[in-house]
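> Quick one, fold the following:
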Amino acid sequence: YGRFDGTDRPEYSYRRDVDYCSGASIMLPLALFRELGGFDSHYAPAYCEDTDLAFQVRKRGLRVLYQPASVIVHYEGITSGTDLGSGVKKYQVVNQKKFYERWKDTLAAHRPNGMQPLLEKDRGVTKRLLVIDANTPRPDHDAGSLLKFYHLRLLQSLGYKVTFVPDNLLHDGEYTRDLQRLGIECVYEPHWVSVDKFIAARGREFQLAMLCRPYVAIRHLEQLKKTAPELRIIYDTVDLHYLRERRQAAVEKNPLIAERAERTRVDELKLIRESHATIVVSPVEKELLAQDAPRANVHVVQLVIPEEPQGPGFDQRRDILFIGGYQHTPNVEAVLYFSREILPKLRQRIPDLRFLILGSRPPAEIRDLACDHVQVLGFQKDLTPYFNACRLMVAPLRFGAGIKGKLGTSFSFGLPVVATSIAAEGMYLEDGRDVLIGDDAQSFTDAVVRAYTDPELWQRLSEGGRRVVRERFSPEVIRRGLAEVIASTEQVELKAAG
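Coordinates of the predicted model:
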């Protein structure tokens, strides 16, 4: 399969289960190789011994995996020639017959040679799921990416072969390869020149499709329905965009953003009505949709937040931090608001306090904040040193929607958080136990001072945040949530058919 084709094509570039791998490049534990008797002399002098070995491995209930990141160059025919009628090469034909006789019961479940290779190469797959999002997730850059990365992995764990299509069709280097190493098929240019052409060519392979974000999903919904009418569609809001835009318009008193919010609302409600299920990340958003789309099948599926090892205690820490991706407008506004309205008040009460600003793509107006007590650190691959050195994380967001990954990350490290109600929304947090809330500059300042200077309060908040992560955001909790969403699509489909 794939002989003489380009090795970088998407269909060859993800890890997957296979029947066998060529003896030109195999790796397995030495103990297992010896236990199986090595290459079977039944096939001496050569040919089909590698295939037989792989079938023996699978017969033991183990897996045979193809790993495209492993690269070799194999010069076919150099050793034994290419004439199937003479010399050692003739055993290729002879041993194919031996192999068939030994394994004909297993081979009876295979398609005829060359038939439907795109399906046959994943013969063991019974469930296929297509995911379309704006771009390839960069889980070390933003909470939305981290959410999608974990969702993809959890969907795999539910038994789905996942095919991921970024709407920009960009091969995003290591971020794409990270997905392929996990066994996720990724689609990208120049091998596919449009998402809709991919849907038209392969949409009927899938039982489920997950469309993410309104501006992506609205472009491809009709093509999916046309190509694969039986396909069950899940709309993943990531966050409810029209709610976030409405709040932004209110804070900024901007009628243009208010108009945009209503246009987004029309698109999102169409997607929600015409999908078999909708995912939101906050119970607040589910309550809003109970009013705006009362018949919709809506589920709350939140962030996956693995708990990190416990870091240093109160006395070993200093300074406060904020983290976010600054292509996201609420984060930019939050940093500017904090720096202008809150930080000066804090410095009067804690003179040596420093503010660390982390996250990708800070604009010039944030970079210009840098001074002796404000550090604009930008993107950091490893966040651990910062979350284990600072005493507090602040989340002074004044608009937004969904739940905030920055809070979850802080809680996972046991780093206490001072936040606005908007930032803490939908995370099942109790003020004073898990987080401190401040919704204006003065109350926010007071909360930071309390948490920064009171070791007992700091410890209580640290323990409360970690408890929330364990109880609400563990991988197993989110996995169950995704399974419930998928099961509900079957019920919706049956109701519609009835």
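
> ok, the residue of the chain most remote from its centre - contacts?
Most distant residue from the mean C-alpha position of the chain: Ser86, 53.2 Å away (CA atoms, centre = their mean). Applying CB atoms under 8 Å, 6 or more residues apart in numbering, we find Ser86 in contact with no residue. For every residue, glycine as well, the C-beta is placed using N, CA and C.

> Can you give me the separation between it and Lys97?
17 Å (CB to CB, to the nearest Å).

> wait, what's in contact with Ser275?
Taking CB under 8 Å, 6+ apart, we find Ser275 in contact with Leu211, Leu221, Ile233, Ile234, Tyr235, Asn297.

> what secondary structure does the residue farthest from the centre of the chain sit in?
Three-state call for Ser86 (DSSP: H, G, I helix; E, B strand; the rest coil): coil.

> which of the contacts of Ser275 lies closest to Val477?
Nearest to Val477 among the contacts of Ser275: Ile234, at 18.4 Å, using CB to CB.

> in the stretch 301-450 of the chain, which spans are helices?
Applying DSSP state H, counting those that start in this stretch to the stretch 301-450 of the chain gives helices spanning 329-337, 343-349, 364-367, 384-387, 405-413, 421-424, 441-453.

> among those, which is nearest Glu308?
Among the helices of the stretch 301-450 of the chain, helix 405-413 comes nearest to Glu308, with 4.8 Å by CB to CB.

> Can I get that closest one in PDB? Just the C-alpha atoms.
C-alpha atoms of helix 405-413 as PDB (Å, rounded to 0.1, in the frame of the first residue of the first chain):
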ATOM      1  CA  GLY A 405      -8.300  27.500  30.700                       C
ATOM      2  CA  LYS A 406      -6.000  29.900  32.600                       C
ATOM      3  CA  LEU A 407      -7.900  29.200  35.800                       C
ATOM      4  CA  GLY A 408      -7.800  25.500  35.300                       C
ATOM      5  CA  THR A 409      -4.100  25.600  34.600                       C
ATOM      6  CA  SER A 410      -3.500  27.600  37.800                       C
ATOM      7  CA  PHE A 411      -5.700  25.300  39.900                       C
ATOM      8  CA  SER A 412      -3.800  22.200  38.500                       C
ATOM      9  CA  PHE A 413      -0.600  23.600  39.900                       C
END
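
> In a helix, Arg273, correct?
Yes - the assignment for Arg273 (three-state DSSP) places it in a helix.

> longest helix of the protein?
helix 475-497 (DSSP state H).

> How far away from the center of its chain is that helix?
Averaged C-alpha coordinates place helix 475-497 at 19 Å from its chain's average position (CA atoms, centre = their mean, to the nearest Å).

> which of the residues in that helix are buried?
For helix 475-497, the neighbour count (16 or more other CB atoms under 10 Å) marks Ile478, Arg479, Gly481, Leu482, Val485, Ile486, Ser488, Thr489 as buried.

> these two touch, right, the third one and Leu303?
No - using CB atoms under 8 Å as the test, Gly481 is too far from Leu303 to be in contact (10.8 Å).

> could you check the distance from the residue lying closest to Gly325 once chain neighbours are set aside over to Gly324?
Counting by CB to CB, 6 or more residues apart in numbering, Asp142 is the residue found nearest to Gly325 once chain neighbours are left out, at 3.7 Å. Between Asp142 and Gly324 the computed distance is 8 Å (CB to CB).

> per-residue confidence at Lys495?
If you check Lys495, the pLDDT there is 49.

> Residue nearest the middle of the protein, spatially speaking?
Phe149 (1.3 Å).

> and Ile218, how many residues sit next to it?
Ile218 has 17 neighbouring residues, counting by other CB atoms under 10 Å.

> With adjacent residues omitted, what lies nearest to Asp239?
Nearest non-adjacent residue to Asp239, counting by CB to CB, 6+ apart: Gly402, 2.7 Å away.

> which phi and psi does the one you found have?
Note on Gly402: its backbone torsions stand at phi 70, psi -160 [degrees, to the nearest 10].

> can you tell me which residues contact it?
Per CB under 8 Å, 6+ apart, neighbours of Gly402: Thr237, Val238, Asp239, Leu240, Arg244, Val280, Val281, Ser282, Glu285, Gly426.

> Try it again at 6 Å.
Listed by CB atoms under 6 Å, 6 or more residues apart in numbering, the contact set of Gly402 reads Asp239, Val281, Ser282.

> before we move on, what about Ser410?
Met393, Val417.

> What confidence value was assigned to it?
Here, the pLDDT recorded for Ser410 equals 94.

> any idea how far Leu429 is from it?
12 Å.

> so where is the stretch 101-250 of the chain shaky, pLDDT-wise?
By pLDDT under 70, the stretch 101-250 of the chain contains no weakly predicted segment.

> Going by residue numbers, what spans are strands in it?
127-133, 160-166, 185-186, 208-212, 232-236 (DSSP state E, counting those that start in this stretch).

> So which elements touch the last one?
I take that to be strand 232-236. Counting contacts by 3 or more CB pairs under 6 Å, 6 or more residues apart in numbering; DSSP states H and E, strand 232-236 packs against strand 208-212, strand 277-280.
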